[in-house]
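1. Sequence unavailable; structure follows:
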């Protein structure tokens, strides 16, 4: 009985690894088809910021104090047991875009559905921004401290609490999937057309 169970678990593990490899391969093949141009990313980022500032008034003062703002206007997340998410964004200093980034993540577990959402990262100090530039892809949850905010948390923020680290807002969720998050996402620099 024990041997048979090991065999089944081993086969299941091999299938899972194979399935993940296929998903990653498909993701890399479709990446160029999904990629937006620099102009499209900029236009979407501008609209996303307007939407965020309108729905969350506390976000605008945060942006005014930030050294830079990284806007991912639309991240698409889908999965059934194995899932993934993908989106392109623009890094702005003031009103100027200085670089473009891609956010990607894969997950495995009890999940089903599809959704889209946007998120914005506010870099409050040069060290956090430098880490983004110097890392070979920044995995959220490592490196600079990341604080997730929502409308309720925006009220107690002050100039003393906004000095260091990275603050994030998730907004514009559409679709249905058991949870939304950016933890585990990897952000890498891209050069769109």
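-> Okay, I see it. Because the structure is a prediction, the values reported are computed rather than measured. Residues are numbered from 1 along each chain as shown.
2. right, and residue 109 touches residue 80 too?
-> No - the pair residue 109 and residue 80 fails to qualify as a contact (Cβ atoms under 8 Å) at a distance of 10.9 Å. All C-beta spots, glycine's among them, are computed from the backbone N, C-alpha and C.
3. Can you tell me the element the closest residue to residue 99 other than its chain neighbours falls in?
-> Nearest residue to residue 99 in three dimensions, chain neighbours excluded: residue 91, at 4.4 Å (Cβ to Cβ, 6 or more residues apart in numbering). Remark: residue 91 resides in strand 68-93, with elements defined by DSSP states H and E.
4. how about that strand: buried residues?
-> Neighbour counts over strand 68-93 (16 or more other Cβ atoms under 10 Å) mark 68-75, 77-79, 82-92 as buried.
5. Likewise for stretch 99-115?
-> Within stretch 99-115, the residues scored as buried using 16+ other Cβ under 10 Å are 99-107, 111, 115.
6. what's the most distant pair in those?
-> Pairwise distances among the buried residues of stretch 99-115 were taken by Cβ to Cβ; the largest, 31.3 Å, belongs to 99 and 111.
7. And the strands in the chain, which stretches?
-> All strands of the chain, identified by DSSP state E, fall at 68-93, 96-123, 138-139, 146-149, 166-177, 186-190.
8. In a markdown table: those strands, plus distance to residue 61.
-> A markdown table is the format used below for these (distance: least, Cβ to Cβ, whole Å):
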| stretch | distance to residue 61 |
| --- | --- |
| strand 68-93 | 12 |
| strand 96-123 | 10 |
| strand 138-139 | 25 |
| strand 146-149 | 12 |
| strand 166-177 | 11 |
| strand 186-190 | 24 |
